[in-house]
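Asks: Next comes the sequence, and after it the predicted model I'd like to discuss.
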Amino acid sequence: MAFAASVARVAPAHAQGAPKAGRPLILVVGDSLSAEYGLKRGSGWVALLEARLAQKKIAATVVNASISGDTTSGGRTRLPALLKQHRPDIVVLELGGNDALRGLPLAMTRDNLDAMAKAAKASAAKVVVAGMQLPPNYGRQYGEQFAALFAAVAKSEGAALVPFLLKGVADGPQADTLFQPDRIHPTAAAHPTILDNVWPVLEPLLKR
């Protein structure tokens, strides 16, 4: 199974066109899984989300503020300025994998995610927490505790939860073919599945 690498590579915050009045804005704050690491621009799940919104004639703007290698601490530091700049209606928090890769304390990861969810809610945004899991070699207990913290944050903060962002990718029968040669980052072929994991959680928030 894979999660975001610690290689620093920036995907600048961007949106397709200027936001229109009354048009909801979705802010994605993530790491390399959302920053199109190793992919052709426009082939990652966030870009595919923009295309799906257009296909379904849902008037919404997407801002991708994901940075490869980012941790929850980095996201927590960046989020206040992003909230002030974009005033999002929905914030997707896709962070945490790099915390585990670096062996950071799980309590710190949860505290950072809690703080980000609280900050987003205080700005009147709905929150989506993207859950992550670890490979078995990290140990069963640590892996279970890591996976559980995302659900715990979502429950405590009343956020929507994507249980496992890489479901059907990292744990599927074709997993070997769905990752780049580094065995860490999904290929472009995997990103429609990632979007399909996010969409059922995100779509209802756009209709409220």
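Replies: Arrived safely, thanks for sending. Residues are numbered from 1 along each chain as shown.
Asks: the helices in the protein, which residues?
Replies: Under the criterion DSSP state H, the chain carries helices at the ranges 45-55, 72-86, 97-101, 106-122, 140-157, 191-206.
Asks: in the first one, what counts as buried?
Replies: For helix 45-55, the buried set under the neighbour-count rule, 16 or more other Cβ atoms under 10 Å, comprises Trp45, Val46, Ala47, Leu48, Leu49, Glu50, Arg52, Leu53. No exception for glycine: its C-beta is placed from N, CA and C like everyone else's.
Asks: How about residues contacting that helix?
Replies: Helix 45-55 is contacted from outside by 16, 26, 28, 30, 33-34, 36, 41, 59-60, 62, 64, 66, 191-192, 194-195, 198-199, 202, using Cβ atoms under 8 Å, 6 or more residues apart in numbering.
Asks: What angle do helix 191-206 and it make with each other?
Replies: 60 degrees (axes from the mean of the first three to the mean of the last three Cα atoms, to 10 degrees).
Asks: any idea how far helix 45-55 is from the chain center?
Replies: Its chain's average C-alpha position is 15 Å from that of helix 45-55, according to Cα atoms, centre = their mean, to the nearest Å.
Asks: try stretch 88-103
Replies: So, by Cα atoms, centre = their mean, the centroid of stretch 88-103 is 6 Å from its chain's centroid.
Asks: same question, stretch 99-114
Replies: Taking Cα atoms, centre = their mean, the mean C-alpha location of stretch 99-114 is offset from the chain mean by 15 Å.
Asks: just stretch 131-149 next, same as before
Replies: 17 Å.
Asks: Tell me how many other residues crowd the closest residue to Ala115 other than its chain neighbours.
Replies: Using Cβ to Cβ, 6 or more residues apart in numbering and skipping residues adjacent in sequence, the residue nearest Ala115 is Arg76, 5.4 Å away. Using other Cβ atoms under 10 Å, the number of residues around Arg76 comes to 19.
Asks: re earlier: single out the most deeply packed of the helices of the chain.
Replies: helix 97-101 (a mean of 24; mean count of other Cβ atoms under 10 Å).
Asks: hang on, the earlier thing: same list (the helices of the chain) but as JSON lines, adding distance to Gln133.
Replies: Listed next are the helices of the chain as JSON lines, based on distance: least, Cβ to Cβ, whole Å:
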{"stretch": "helix 45-55", "distance to Gln133": "17"}
{"stretch": "helix 72-86", "distance to Gln133": "16"}
{"stretch": "helix 97-101", "distance to Gln133": "9"}
{"stretch": "helix 106-122", "distance to Gln133": "13"}
{"stretch": "helix 140-157", "distance to Gln133": "5"}
{"stretch": "helix 191-206", "distance to Gln133": "12"}
